[in-house]
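*Asks:* I'll drop the sequence and a predicted model, then ask my questions.
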Amino acid sequence: MRTPIIAGNWKMNNTVSQGLSLVEELKPLAEGSRAEVVVCPPYTALHPVGEALQGTNIRLGAQNLFWQKSGAYTGQISGPMLKDVGCDYVILGHSESRGRFGVEEEGMTEDLSQVFGDTDASVNRKAHAAFEHGLTPILCCGETLAERQAEATDAIIARQVQQALQGFSADQVRQIVIAYEPVWAIGTGEVCESGEANRVCGHIRSTVESLHGSEAAQAVRIQYGGSVKPDNAAELLGQEHIDGALVGGASLKANDFAAIVNAAR
Ligand code: PGA
């Protein structure tokens with residue numbers, strides 16, 4: 001049996017004091033949950049939030065890392081730094097870090113979207129660094145609306161998963177979390193229909209199986225992400241291949257996030 005994992009991706013939200021109030025509210029609501037619970041604050045709030053979570057069942061995750069341990073890499077944060085502040089998880093290859101925006105951002109041009117430059121290769125390198133420093137990667141994959149309309153979803157997902165997992169042993173793959181996040185469903189309120197989300201998560205599992213065997217494929221946890229809310233969580237989490245959720249907007253409200261956590265069976 002795979003333990004469900006519900007992770008809250010706060011993105012670029014919450015100052016230290018806002019983050020602390022949110023977790024104080026969340027702690028009693030998430031107590032005794034069947035699912036593993038993770039919150040991923042922005043870098044600036046990781047340390048105080050991590051301290052506030054000590055002795056609770058809520059784990060800490062970061063939203064990215066850089067693969068080098070230390071050095072002249074202005075603006076970057078390394079695996080050892082994340083481990084030092086108490087992180088167990090790190091989100092890697094989120095579409096927003098790859099510059100794959102599904103909605104028209106005000107003033108966003110192709111040139112500017114390159115600021116967020118993750119590629120399949122950098123995601124793979126970051127995932128290796130995560131393991132090296134004792135962090136579990138939450139590897140994101142997902143197609144844009146144009147790719148879905150061109151019926152390229154399955155090929156895009158298989159490519160992202162294959163490349164992200166390059167060079168890992170089956171034993172490492174068992175521990176990884178993969179998040180299927182259709183870009184068009186992120187922050188849009190447009191959730192992927194549960195049957196289709198399950199089908200794509202099943203496709204991810206078969207891709208893992210073809211690369212690393214059935215034991216790894218049965219063990220790997222696959223989350224769905226993209227407009228998960230209290231009112232659609234139970235339906236999504238009830239699907240065979242969906243082992244959890246990566247939650248953006250709804251993770252910023254303690255009651256909503258707790259309702260999603262408690263919808264996991
Ligand atoms: P959303 O974001 O729940 O706000 O759609 C999900 C994500 O990007 O992880």
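*Replies:* Thanks, I have the structure now. Numbering: from 1, shown residues only.

*Asks:* In this protein, which residue sits nearest the ligand?
*Replies:* residue 248 (2.3 Å; CB to the nearest ligand atom). Glycine gets a C-beta too; all of them are placed from N, C-alpha and C.

*Asks:* so that residue touches residue 13, yeah?
*Replies:* No - with contact defined as CB atoms under 8 Å, residue 248 does not reach residue 13; the gap is 9.1 Å.

*Asks:* May I have stretch 199-218 as CSV, with CA atoms only?
*Replies:* C-alpha atoms of stretch 199-218 as CSV (Å, rounded to 0.1, in the frame of the first residue of the first chain):
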residue,chain,number,x,y,z
ARG,A,199,-5.2,7.6,-16.9
VAL,A,200,-2.2,9.9,-17.2
CYS,A,201,-1.0,8.9,-13.7
GLY,A,202,-1.3,5.2,-14.9
HIS,A,203,0.7,6.1,-18.0
ILE,A,204,3.4,7.6,-15.7
ARG,A,205,3.4,4.3,-13.7
SER,A,206,3.8,2.2,-16.8
THR,A,207,6.6,4.5,-18.0
VAL,A,208,8.4,3.9,-14.6
GLU,A,209,7.7,0.2,-15.0
SER,A,210,9.3,0.0,-18.4
LEU,A,211,12.4,1.8,-17.1
HIS,A,212,12.8,0.4,-13.6
GLY,A,213,10.6,-2.7,-13.3
SER,A,214,7.2,-3.4,-11.7
GLU,A,215,8.4,-3.2,-8.0
ALA,A,216,9.6,0.4,-8.4
ALA,A,217,6.4,1.2,-10.4
GLN,A,218,4.1,-0.1,-7.7
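
*Asks:* Only the buried residues of it, if you could.
*Replies:* 199, 200, 201, 203, 204, 205, 207, 208, 211, 212, 216, 217 (16 or more other CB atoms under 10 Å).

*Asks:* As a check, name the ranges of all strands in the stretch 101-250 of the chain.
*Replies:* 136-141, 177-180, 221-225, 244-247 (DSSP state E, counting those that start in this stretch).

*Asks:* re the thing from before, show me the contacts for the residue of the chain closest to the ligand.
*Replies:* 9, 11, 186, 187, 225 (CB atoms under 8 Å, 6 or more residues apart in numbering).

*Asks:* ok, residue 4 touching residue 236?
*Replies:* No - Residue 4 lies out of contact with residue 236 (CB under 8 Å); the separation is 11.0 Å.
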